[in-house]
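Visitor: Pasting a predicted model and its sequence here:
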Amino acid sequence: MPISLSHTDRMALLDEQLARSLQALAGPSELMDRMARYSLGLISTQGEPTDEQTRQQVQGKRLRPQIAMLVAEAVGGSAAAAAPVAAAIELLHNFTLIHDDIQDRSPNRRHRPTVWRVWSDAQAINAGDALFAVSQLSLLDAAERVPADILQTLIGEFNRCTIDIVRGQVQDLNNEGRSNVTPEDYLEMIGGKTAAILRYSAWAGAMVGGVDRRTADRIGDLGMSIGMGFQIRDDMLGIWSPAEQTGKAAADDLRRRKQTLPVLILRAAANEEDAEWIETNYRSEELDETQVAELLSLLAKYNVEARTAEHVRAEHARSLAILEEVFGDSDQPAVTALRDLVTQLVDRSF
């Protein structure tokens, strides 16, 4: 069985593969390369290399590639073999972030101006498209490590995953301004927009690691559950977490009238008078500070924070149950790291 690597060594493998894949962007259009690298936290808007603190802040937890590499090790494979797939996942994720920021008109991401805000919507679309193409090239590099039939399956599912993500974004945009969206509608939407890529991360890591399809599918369920819990926790942070932790203004999701799970739980629980207030004020283009304060008061009145947290805890319990089902009480380092990762995500503050 391959030796389990440290987190630092896994991330070094990821960075090496990302650098290899990004070479495809070299050429006469220097701006395309700069926008892509900026989005990944590698350089400033002027093209200068970022310091380590900025890089880590922009790159975040790199949860998706991390899961792919950990799962590959946990099932008996190697992080090195999973690195091309992990890099493809990270590139795909950043492609979606660039396009989402355009559609959501988000001015900042992780304490820095978003790509569209620096270079325009049109150029940001180009940067996202380029990253999607590079993600495919990175995935093809897995041919050096996995059999051709497995690679073909990985590529097919990668693109189906992308369709699920886009479908989820279509549903999300379609939900904006609607008063009849239910919590169930929302959970279905994030199953595509957010959780699908985490499902693919876990599933692909298992496939690269050499397990049978049935086991890989079950490990994919683990990724789906992690993704659901991650997004719901993110919804909580978008309302109740201070700006210095999230890089966005406090209660920014409320100010922008986003239909996240806490708001939908509130809508479903509110009495007629409160429901009418929510409906009337959500017709505003953007909520002012008085409206935000009133909405926070209503969320407290109906105990929405605790009710939303119950969903996070349920996904946490589901994730741990799948880990136990697949790996038992194994103390293999990668399995232990997966357990720790799942638990850390429940109470994360950024």
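Guide: Yep, it's here.
Visitor: Can you give the distance from stretch 34-44 to the centre of its chain?
Guide: Computed by C-alpha atoms, centre = their mean, to the nearest Å, the separation of stretch 34-44 from the middle of its chain amounts to 18 Å.
Visitor: OK, contacts around the residue most central in space within the chain?
Guide: Taking C-alpha atoms, centre = their mean, the centroid of the chain lies closest to Thr194, which sits 5.5 Å from it. Applying C-beta atoms under 8 Å, 6 or more residues apart in numbering, we find Thr194 in contact with Gly168, Gly227, Met228, Phe230, Gln231, Asp234. Using the backbone N, CA and C atoms, a C-beta is placed for each residue, glycine as well.
Visitor: Please point out which parts of the host helix or strand of the third one sit buried.
Guide: Secondary structure here is read from DSSP states H and E; on that basis Met228 sits in helix 213-240. Residues of helix 213-240 classed as buried under the neighbour-count rule (16 or more other C-beta atoms under 10 Å) are 215-216, 218-240.
Visitor: Also stretch 31-42?
Guide: The neighbour-count check on stretch 31-42 (16+ other C-beta under 10 Å) flags Met32, Asp33, Arg34, Met35, Ala36, Arg37, Tyr38, Ser39, Leu40, Gly41, Leu42 as buried.
Visitor: I'd guessed the fifth one sits against Ala130; true?
Guide: Yep, that's Ala36 we're talking about. Yes. If you go by C-beta atoms under 8 Å, Ala36 and Ala130 touch, sitting 5.5 Å apart.
Visitor: Next one: Thr246, what pLDDT does it get?
Guide: Confidence per residue is given as pLDDT, and for Thr246 that number is 53.
Visitor: now do the one 4 residues further on
Guide: pLDDT, Ala250: 68.
Visitor: quick one: Ala317 from Asn159, how far?
Guide: Distance from Ala317 to Asn159, counting by C-beta to C-beta, to the nearest Å: 32 Å.
Visitor: same deal with Leu254?
Guide: With distances defined as C-beta to C-beta, the gap from Leu254 to Asn159 amounts to 35 Å.
Visitor: who's more crowded, these two?
Guide: Neighbours around Leu254 and Asn159, counted as other C-beta atoms under 10 Å, are more numerous at Leu254. The numbers are 23 against 12.
Visitor: Pull the contacting residues for the nearest residue to Ser106 once chain neighbours are set aside.
Guide: Of all residues not flanking Ser106 in the chain, Thr114 sits nearest, at 5.5 Å (C-beta to C-beta, 6 or more residues apart in numbering). For Thr114, the contacting residues are Ile98, Asp101, Ile102, Ser106, Pro107, Asn108, Ala124, taking C-beta under 8 Å, 6+ apart as the criterion.
Visitor: cutoff 7 Å now
Guide: Residues counted as contacts of Thr114 (C-beta atoms under 7 Å, 6 or more residues apart in numbering) are Asp101, Ser106, Pro107, Asn108.
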